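Engineer: sharing a model prediction with you, sequence too.
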Amino acid sequence: MMDTALNTLLDDLYNPDKNIRSKAAVEFGKTDDLSLVPALIDALVAEPDLNVREDLTWALVRLKAAAFQPLVALLSDANPKTRHSAVHVLTKIGGEVVVDALTGMLADSEPSVISKAAFGLAQVGDERAIPALVAIVGHENREVQTMLMDVLERFGEPSVQPLIERMNDERWQVREQAADSLGGIGDRAAVPVLVEALKDEMWQVRFSAVTALAHIGGVEAKAALQHMPEDSEPRVRELVAKVGRVKR
C-alpha cells in the first residue's frame, strides 16, 4: 500500500463519521500487511461504535499471527472494556493458541469479561479449559452463573466428574450451581451424588438436586424423588410435587 493511501486510511480510522471508520477498518483487513496491527489495536481500544469494532475485529483476525501478542497484552489493561474487546477478538481468532489466554481471564474482576472468556472457551472447545471453568462454579454474579451453565453443558460428559467433585464444596452456592450444571448436562453418572444432595442442609441445594434429577430421569432418579422424605422447605416440597413423574 502506498504511503499516501496508508496515511489516508490511518486518518480515516478516527474520522467522526463511523461509516468512514468502518470502511477504513475493512480496507486494512484486506491488505494482509502485518505492520498495520498496532494501528488497528489502537483503533480498537479507542472505537466507541460496536459495528466499527466488529470491522476492526475482522481485520485483526485476518492478521492474527501478528495480532495475537498485542491482544494478549491488552488483557492486563486497567479498562475492563478494553479487556473485553481483546477477549472478543481472541475468541474470533480461536484455536489452541488462545486457550491459556482466555482461561486466565476467568479470574478477571469484571463479570462481563469472565462471561466473554467462558463463552470463547466453549467456542474453541478445548477440554483443557474445563478445570478452570469448573473452579469458578459458585460465582456470585448471575451473568457468570448463567454463562457457566451453558458452557459446561456444551462441553458435556468431560465436565461431569469435575462437577461431581464440586458437590462436596463447603460453600452451598457451589453445590447448588454444580447441581444445576449436572442437571443441564443430563449425564446419569451424576445421579448418585444428586440423590445424596437431596439431604443437603441447604434447601437451595436440595431444590437444585430435585430439578437436576427430574431432568436426568431414569429409574434411580425417579425412585429417589418418590421416596424423598417430606422436605421442611415449602419450595422444595412444591417442586417435588410438581415434577411428579420423572421421565425414564
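Structural biologist: In hand now; what should we look at?
Engineer: now do the domain split for this protein, please.
Structural biologist: 1-88, 94-155, 167-248 (automatic domain parsing).
Engineer: to Gln161, which of the ones you listed lies closest?
Structural biologist: Among these, domain 167-248 comes nearest to Gln161, with 7.7 Å by CB to CB. Glycine gets a C-beta too; all of them are placed from N, C-alpha and C.
Engineer: skip the chain neighbours and tell me the closest residue to Leu213.
Structural biologist: Leaving aside its chain neighbours, Leu213 sits nearest to Ala221 (4.1 Å; criterion: CB to CB, 6 or more residues apart in numbering).
Engineer: avg pLDDT for the host helix or strand of that neighbour?
Structural biologist: In this assignment (DSSP states H and E), Ala221 forms part of helix 219-226. Averaged across helix 219-226, the pLDDT comes to 93.
Engineer: stretch 74-88: end-to-end distance?
Structural biologist: End-to-end distance of stretch 74-88 (CA to CA, to the nearest Å): 11 Å.
Engineer: ditto for stretch 126-139
Structural biologist: Criterion CA to CA; first-to-last residue distance in stretch 126-139 is 22 Å.
Engineer: which residues does that stretch contact?
Structural biologist: Residues outside stretch 126-139 that contact it (CB atoms under 8 Å, 6 or more residues apart in numbering): 96, 99, 102-103, 106-107, 111, 114, 118, 121, 144-145, 148, 151-152, 155, 158-159, 162-163, 166, 169, 171, 173-178, 181.
Engineer: so which of those residues sit within helices?
Structural biologist: Mapping those onto helices (DSSP state H) picks out 99, 102-103, 111, 114, 118, 121, 144-145, 148, 151-152, 155, 162-163, 166, 173-178, 181.
Engineer: strands of the protein, start to end?
Structural biologist: Ranges of strands in the chain, per DSSP state E: none exist.
Engineer: find the residue at the geometric middle of the protein.
Structural biologist: The residue lying closest to the centre of the chain (CA atoms, centre = their mean) is Ala118, at 2.2 Å.
Engineer: now do the buried residues in the helix or strand of the chain with the lowest mean pLDDT.
Structural biologist: Across the helices and strands of the chain, mean confidence by mean pLDDT, DSSP states H and E is lowest for helix 3-12: a mean of 80. By 16 or more other CB atoms under 10 Å, the buried positions in helix 3-12 come out as 6, 9, 12.
Engineer: just checking, what packs against it?
Structural biologist: Using 3 or more CB pairs under 8 Å, 6 or more residues apart in numbering; DSSP states H and E, the elements in contact with helix 3-12 are helix 18-31.
Engineer: so how far is the helix it packs on from its chain's centroid?
Structural biologist: Its chain's C-alpha centre and that of helix 18-31 lie 29 Å apart, by CA atoms, centre = their mean, to the nearest Å.
Engineer: and that helix, what other elements does it pack with?
Structural biologist: Here helix 18-31 touches helix 3-12, helix 37-46, helix 50-62, going by 3+ CB pairs under 8 Å, 6+ apart.
Engineer: list the contacts for Phe155?
Structural biologist: By CB under 8 Å, 6+ apart, the contact set of Phe155 is 122, 125, 127, 130, 133.
Engineer: go through those residues and name the one nearest Ile216.
Structural biologist: Ile216 lies nearest to Ile130 out of these, by CB to CB, at 19.7 Å.
Engineer: contacts only, for the residue nearest to His215 when sequence neighbours are not counted.
Structural biologist: Leaving out its chain neighbours, the residue that sits closest to His215 by CB to CB, 6+ apart is Gly183, at 4.5 Å. Residues counted as contacts of Gly183 (CB under 8 Å, 6+ apart) are 190, 194, 208, 211-216.
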